[in-house]
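A.B. asks: only the shape, not the letters, is given here:
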Ligand code: ASP
């Protein structure tokens, strides 16, 4: 049997950072050189190679052009590798995992995002377990074919569907959660993969890379006391095409005339608005309460149980693909990569 070949793509993030002696701050370092210092990589049942962003970044600087770079690396080496592990800062990892899940259509190999809370050189680092297990998961095969065929995120013993995750903790090693979809795999004494939860690739379809992501999107988080002036200024943002509105609980919003009229006018003017709950788990149920019935009547898109990160990525992807206004709502409300129920 051929040993699986896994490509590590280092984009930056704590995992490969080192402390600056002068200031004590963490800065991205040359991971390729660092990977040579990790003897564990040689013990794996697969071959690994590393490619690094020319300028590794703190993931707070993540942008659409970085996503395109990742997609291009995967596209260019897709035939030569059996799986990909993307090393990424944890701060915006959920956004990137969601974006790549849409940009890589008909994926038939694993793309696993991981990173760490402590640098790989730190004594108490969580980087080694995250890195080694991500590689092992990416190398899993059945009858010579990759077992995992979707964009995932691995952190602290759990493999999640990438577009279902949210960063929930800046201090704990368990930095991510996926409240609306169970982990795809768990790492204990052995690796337990829940095969029934995995996405299956469509037979006979080749990988299709979508590189047009339209960033003309935004987020409006509701809060008690929100003013008409603030809502209006967000809705009238020049160039804004689509908005994720983070509502309360099961998709509820204020019922005042001023609020509904502003929303209704914005939709009439062509703004796409998606109703997403600001809770980390559960789903929007439009029309369940009176306070969401009006939103349904205004024709807001039902975000169901999608996360804000995935909703933003999906909007950028659908806008970038030139989906027509008439079918936008129907397509958004359909699960494309397992990102919603
Ligand atoms: N600020 C870092 C980043 O997101 C944090 C991390 O890597 O966990 O790049």
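C.D. replies: Received it, and whenever you're ready, just let me know what you need. Since the model is a prediction, treat every value here as computed from it, not as a measurement. Numbering: from 1, shown residues only.
A.B. asks: could you pull out the helices for the stretch 101-250 of the chain?
C.D. replies: Ranges of helices in the stretch 101-250 of the chain, per DSSP state H, counting those that start in this stretch, are 127-139, 228-235.
A.B. asks: how about those in CSV, adding mean pLDDT and mean neighbour count?
C.D. replies: Using the backbone N, CA and C atoms, a C-beta is placed for each residue, glycine as well. Shown next, in CSV, are the helices of the stretch 101-250 of the chain (pLDDT from 0 to 100; neighbours: other C-beta atoms under 10 Å):
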stretch, mean pLDDT, mean neighbour count
helix 127-139, 96, 23
helix 228-235, 98, 14
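A.B. asks: the ligand is nearest to which of those?
C.D. replies: helix 127-139 (9.7 Å; C-beta to the nearest ligand atom).
A.B. asks: the closest one: how far from the chain's middle?
C.D. replies: When distances are taken as C-alpha atoms, centre = their mean, to the nearest Å, helix 127-139 is centred 18 Å away from the chain's centroid.
A.B. asks: residues in contact with that helix: which ones?
C.D. replies: 4, 6, 8, 14-15, 38, 40-41, 44-46, 48, 82-85, 87, 110, 112, 114-116, 118-120, 146, 148, 152, 154-157, 159, 185, 187, 191, 193 (C-beta atoms under 8 Å, 6 or more residues apart in numbering).
A.B. asks: buried subset of those?
C.D. replies: 4, 6, 8, 14-15, 38, 41, 46, 48, 82-85, 87, 110, 112, 114-116, 118-120, 146, 148, 152, 154-157, 159, 185, 187, 193 (16 or more other C-beta atoms under 10 Å).
A.B. asks: among these, which are in strands?
C.D. replies: Among these, the members found in strands (DSSP state E) are 6, 8, 48, 83-85, 87, 112, 114, 146, 152, 154-155, 159, 185, 187, 193.
A.B. asks: how about TSV for the helices of the stretch 101-250 of the chain, with distance to the ligand added?
C.D. replies: TSV is the format used below for the helices of the stretch 101-250 of the chain (distance: least, C-beta to the nearest ligand atom, whole Å):
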stretch	distance to the ligand
helix 127-139	10
helix 228-235	26
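A.B. asks: to residue 311, which of those lies closest?
C.D. replies: With C-beta to C-beta, the closest approach to residue 311 among the helices of the stretch 101-250 of the chain belongs to helix 228-235: 15.7 Å.
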